[in-house]
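S.K.: Give me a model of this one.
(chains A and B)
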Amino acid sequence: MSYFQGETPDNYEQKCLCTLVLDTSGSMGGEPIRELNRGLQEFYAAIEEDLIAANRLEVSVVTFGSRINTLQEPSLIEGFDMPTLGVSGTTRLVDAVREAMRKTEERKQWYKETGQPYYRPIVVLITDGEPDRDQDVNGLSSEIREAVEGKRFTFFGLGVKGYNHATLQRICPPTAPPMPLAGYKFSEFFKWLSNSIGIITKSKEGETIELPPISDWAQMKF
Amino acid sequence: MNQEEKSPWVLAYASVIGNGHIQSGIPCQDSTAHHQINKDWGVAVVCDGAGSAAQSHIGSDFVARNTAHCLEEVIQRCAWSPSQLPDEQTWRKEAQRALQLVMQRLMQFAEKREIPLPQLACTVLATLYCEGALLSVHIGDGRAAYSDAPGQWKALIAPYRGNEANETVFITSRIWNPAGIEEYIESSVTTGPIRAFALMSDGCEKAAFEVNIFDPKTKKYSDPNRPFPRFFEPNVPGLRQLYKEKKSQKEINTLWSGFLTAGTKQFKHEIDDKSMILAVRLAEVPQEKNI
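M.R.: A predicted model of the protein is given here:
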């Protein structure tokens, strides 16, 4: 005999937006883009398998080469298939990050207007290159720093083999320095990202989150 | 005859670890405490440790036990009874004083153990209960409900929530100044025929409350903070049945732990720790009082 039982009300999950800003410039051709695509598919599958995360995490994908493309507007995993990325062009990194920041703010406004509770959004930049000469790195750096300090979003910058560490360090906030990827271990990185999102969405004090160790995929010496 | 047997209430209480904590290898950071003070009064407490604070499981256990103890002292000192209850102001003052004492003890504990105070961060939700009243106080989130008639459940508290979904305040937060105490410590006196009540951490809220619903007409979401009777009501006869079968408190709590772990789909998949205290009067309250 079951002494305890009960029906469950229909509640929606609070949302967590993760915007991926991905470098698809020509230099990412070959093994890097193949591994990045594999990592994205595994990330998608890991979220899909997790009932809570699948109802909670919205993913947006912005790519950049010579053009900025929003391949995926913010959506739950069930609403799209992860795109397969190709490569071309130069590195309009700053324009792409700004576009991601604009979309993140837009989505937050929508959450507020529609009364949806949300976790602090996450913006993830993955790049292997040097931004084009006309790109305003210093301006972007201040904008990210101000936004992170104002708790508008959390920012992670991942450097892929051949990236310019000094430039990425200028872009990333001091509280979250650039993370250099060992080899092309995108799969391990995305596993870490999905675990980190799990922790962020469970945590109650955003400023003191302890994320999982990055030793599985990060190059510790550079 | 012990105090529990004299009580006109039967309770189930437990804290169980959430799936996220299992995956991350961190302990259950929730705690519950219950104590039957005398034949009239009991005290129930639920604390939820901050996910990001490494020692919050120790903090929540300490705060739950000490809150129960400090509120028991209030009952003994004030000599309140079901026929002589405090007004809102009197209760608020006593409840604030009690939680301030808990905070002082926590600071001493932290210093002695050389643990930084923020590492012990937790919410606190407590109720002193008797036949015709619930005296409640809380800091932070969590939910609480009571029933004054079969099928009728009402919210007992409004949880504190910040702008983001994972923001709340803790007993260790910088709230211990006149303005902070006023803003962040909520208290209430609920009187009338109380047939059951429940206190819970936020890990249980989606299973037991309507907290994020969608209105297709306005296309908006809202948190009505509405207890879900079809969750609570089946457990009222279940708990009374366990009392009739003379199950011990430990046996009842073990069954309750099993229910909170995987008794519903929501419980089974919940990533957060889950704590709930359900208290039910042994005899149904006369319904004419509700008209």
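S.K.: Can you tell me the centre-most residue of the chain?
M.R.: Here I'm looking at chain A. A:V124 (3.0 Å; Cα atoms, centre = their mean).
S.K.: try again with chain B
M.R.: B:L199 (3.1 Å).
S.K.: Say whether chain A is contacted by the helix or strand in which that residue is found.
M.R.: Secondary-structure assignment from DSSP states H and E places B:L199 in strand B:196-200. No: shown here: strand B:196-200 not in contact with chain A (Cβ under 8 Å from any Cβ of the partner chain), separated by at least 10.9 Å. To be clear about C-beta, it is placed using only N, CA and C from the backbone, and glycine gets the same treatment.
S.K.: go on, stretch B:16-34?
M.R.: Yes: Stretch B:16-34 lies within reach of chain A by Cβ under 8 Å from any Cβ, at B:18, B:20-21, B:23-24.
S.K.: Quick check: end-to-end length of that stretch?
M.R.: 16 Å (Cα to Cα, to the nearest Å).
S.K.: Just the pLDDT for the residue nearest to the centre of chain B.
M.R.: In this model, B:L199 is scored at 98, pLDDT.
S.K.: can you pull up the bridge partners for it?
M.R.: B:A144, B:I277 (DSSP bridges).
S.K.: Check the one 10 residues further on too.
M.R.: With DSSP bridges as the criterion, the beta-bridge partners of B:F209 are B:P227.
S.K.: That one is in contact with B:G142, isn't it?
M.R.: No: contact criterion Cβ atoms under 8 Å: B:F209 and B:G142 do not qualify, at 10.5 Å.
S.K.: How confident is the prediction for residue 146, by pLDDT?
M.R.: If you meant another chain, say so; for now it's chain A. So A:E146 comes in at 95 (pLDDT).
S.K.: I was after chain B.
M.R.: B:Y146 is given a pLDDT of 98.
S.K.: related to what we said a few turns ago, select from the residues of stretch B:16-34 next to chain A the one having the most neighbours.
M.R.: Counting neighbours by other Cβ atoms under 10 Å in any protein chain shown, B:G18 comes out on top of those with 25 neighbours.
S.K.: Verify the stated contact: it with B:D272.
M.R.: Yes: contact criterion Cβ under 8 Å: B:G18 and B:D272 qualify, at 4.4 Å.
S.K.: Could you count how many residues lie near B:S201?
M.R.: Neighbours around B:S201, by other Cβ under 10 Å: 29.
S.K.: mind pulling up the phi and psi values for it?
M.R.: In this entry, B:S201 is assigned phi and psi values of phi -80, psi 170 (degrees, to the nearest 10).
S.K.: From A:T175, how far off is it?
M.R.: Taking Cβ to Cβ, to the nearest Å as the measure, B:S201 falls 30 Å from A:T175.
S.K.: Just list the residues touching the residue nearest to the centre of chain B, thanks.
M.R.: When contacts are counted by Cβ atoms under 8 Å, 6 or more residues apart in numbering or on different chains, B:L199 is found next to B:44-46, B:125-127, B:142-144, B:156, B:276-277.
S.K.: Buried members of those into PyMOL, please.
M.R.: To isolate the buried ones among the contacts of B:L199 in PyMOL, judged by 16 or more other Cβ atoms under 10 Å in any protein chain shown, type:
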select buried, chain B and resi 44+45+46+125+126+127+142+143+144+156+276+277
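S.K.: quick one: which of the contacts of B:L199 is nearest chain A?
M.R.: B:M276 (10.4 Å; Cβ to the nearest Cβ).
S.K.: Contacts only, for the nearest residue to the closest one once chain neighbours are set aside.
M.R.: With Cβ to Cβ, 6 or more residues apart in numbering or on different chains as the criterion, B:M276 has its nearest non-adjacent residue at 4.2 Å, and that residue is B:M200. B:M200 is in contact with B:46, B:142-144, B:208, B:274-277, counting by Cβ under 8 Å, 6+ apart.
S.K.: dump the residue contacts of A:L57.
M.R.: Counting by Cβ under 8 Å, 6+ apart, A:L57 has contacts A:15-18, A:47, A:76-77, A:197, A:201.
S.K.: swap the cut-off to 7 Å and go again
M.R.: A:16, A:18, A:47, A:77, A:197 (Cβ atoms under 7 Å, 6 or more residues apart in numbering or on different chains).
S.K.: quick one: strands adjacent to the strand or helix carrying the residue nearest to the centre of chain A?
M.R.: According to DSSP H and E, A:V124 maps onto strand A:122-127. Each strand paired with strand A:122-127, and its direction, by DSSP bridges: strand A:16-23 (parallel), strand A:154-159 (parallel).
S.K.: Residues in contact with the next helix or strand after the longest one: which ones?
M.R.: The one in question is strand A:16-23. Per DSSP H and E, strand A:16-23 leads on to helix A:31-49 as the next helix or strand towards the C-terminus. Helix A:31-49 has contacts (Cβ under 7 Å, 6+ apart) with A:22, A:53-54, A:57, A:77, A:82, A:84-85, A:87, A:128, A:160, A:184, A:186-187, A:189-191, A:193-194.
S.K.: could you pull out the helices for chain A?
M.R.: A:31-49, A:51-56, A:93-113, A:137-149, A:165-171, A:186-200 (DSSP state H).
S.K.: Which of those helices sits closest to A:R67?
M.R.: Nearest of these to A:R67, taken as Cβ to Cβ: helix A:93-113 at 9.3 Å.
S.K.: quick one: is the closest one near chain B?
M.R.: No: for a cut-off given as Cβ under 7 Å from any Cβ of the partner chain, helix A:93-113 has no contacts with chain B; the smallest distance is 7.9 Å.
S.K.: Flag every buried residue along that helix.
M.R.: A:93-101, A:103-104, A:107-108, A:111.
S.K.: cool, stretch B:225-239 as well?
M.R.: B:225-229, B:231-233, B:235-236, B:238-239.
S.K.: Out of the contacts of A:L57, give me the one that has the most neighbours.
M.R.: A:C18 (26 neighbours).
S.K.: Once you drop chain neighbours, what's closest to that one?
M.R.: A:I122 (4.6 Å).
S.K.: Repeat that for B:I115.
M.R.: Closest to B:I115 by Cβ to Cβ, 6+ apart is B:Q55, at 5.3 Å.
S.K.: what are the ranges of the strands in chain B?
M.R.: B:9-16, B:30-36, B:42-49, B:122-130, B:133-139, B:143-149, B:152-155, B:185-191, B:196-200, B:209-210, B:213-215, B:220-222, B:226-227, B:274-281 (DSSP state E).
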